[in-house]
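Trainee: Return a 3D structure for these sequence lines:
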Amino acid sequence: LGGEKMNRQIYVHYGSTGFDPMKGFPIRNRKYWPKPEGGLWASRKNATFGWKDWCRENDFRECDPVSSFDFTIKDESKIVVVSTLQQLRRLPEVPNRLKTTYCIDFEKCLRAGIDAIELCWYGDEYQSVANSDLYFELYGWDCDSIVVLNPNAVVPS
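Mentor: Numbering: from 1, shown residues only. All right, here's what the predicted structure looks like:
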């Protein structure tokens with residue numbers, strides 16, 4: 001007994017065959033937009049409505065497993081999970097004139113020790129916990145996904 005790894009969540013990123021910490025970092029806020037410039041975007045491998053599902057449903061692009069990679073997040077990392085408006089509003093906000101959209105201050109989050117932010121709202125597995133309409137609050141986050149702010153939190157599989 002002992003020495004067993006925690007059952008870590010596995011994430012999948014499409015569009016690249018491996019993690020490059022030099023690409024997409026450091027992250028930066030984008031004016032009037034609820035997504036940062038940069039970061040590592042992915043969805044849980046077992047998500048019922050992740051990036052692959054959104055792409056298929058919207059005929060957006062082919063999520064080719066050959067051009068993808070899996071990763072986990074280090075155990076000691078801080079991931080903020082958002083399933084409700086209350087959880088979202090606990091994150092620092094960049095003031096913006098778009099009153100329907102909540103623009104997270106990603107740079108401030110990173111300075112506060114937050115390594116990643118994960119939206120867990122769209123999929124069937126979240127229907128019992130998800131409330132509020134986060135669609136417009138996080139406009140552009142079209143599926144359950146994670147954005148990694150700190151490249152040091154990533155553990156390539």
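Trainee: contacts, neighbours, all on C-alpha from now
Mentor: OK.
Trainee: Let me know the secondary structure of residue 36.
Mentor: strand (DSSP: H, G, I helix; E, B strand; the rest coil).
Trainee: Show the contacting residues for it.
Mentor: Neighbouring residues of residue 36 by Cα atoms under 8 Å, 6 or more residues apart in numbering: 27-30, 106.
Trainee: do that again at 10 Å, thanks
Mentor: Residue 36 is in contact with 24, 27-30, 103-107, 147, 149, counting by Cα atoms under 10 Å, 6 or more residues apart in numbering.
Trainee: Please spell out which residues along stretch 126-141 are buried.
Mentor: Across stretch 126-141, burial judged by 16 or more other Cα atoms under 10 Å covers 130, 134, 137-138, 141.
Trainee: So residue 83 is in contact with residue 132, correct?
Mentor: Yes - with contacts counted by Cα atoms under 10 Å, residue 83 reaches residue 132, the gap being 8.6 Å.
Trainee: tell me which residues form a beta bridge with residue 81?
Mentor: residue 118 (DSSP bridges).
Trainee: now do residue 41
Mentor: Residues in beta-bridge contact with residue 41 (DSSP bridges): residue 147.
Trainee: Spatially, which two of the contacts of residue 36 are the most separated?
Mentor: Pairwise distances across these (Cα to Cα) peak at 18.8 Å, for the pair 24 and 103.
Trainee: Looking at these two, which has the bigger crowd around it?
Mentor: A side-by-side neighbour count of residue 24 and residue 103, using other Cα atoms under 10 Å, places residue 103 first with 28 against 17.
Trainee: okay, residue 1: pLDDT?
Mentor: Here, the pLDDT recorded for residue 1 equals 40.
Trainee: Who are the contact partners of the spatially closest residue to residue 32 that is not a sequence neighbour?
Mentor: Of all residues not flanking residue 32 in the chain, residue 96 sits nearest, at 5.7 Å (Cα to Cα, 6 or more residues apart in numbering). By Cα under 10 Å, 6+ apart, the contact list for residue 96 reads 31-34, 102-103.
Trainee: now with 8 Å?
Mentor: Counting by Cα under 8 Å, 6+ apart, residue 96 has contacts 31-32, 103.
Trainee: gap between it and residue 25?
Mentor: To residue 25, residue 96 is 23 Å away according to Cα to Cα, to the nearest Å.
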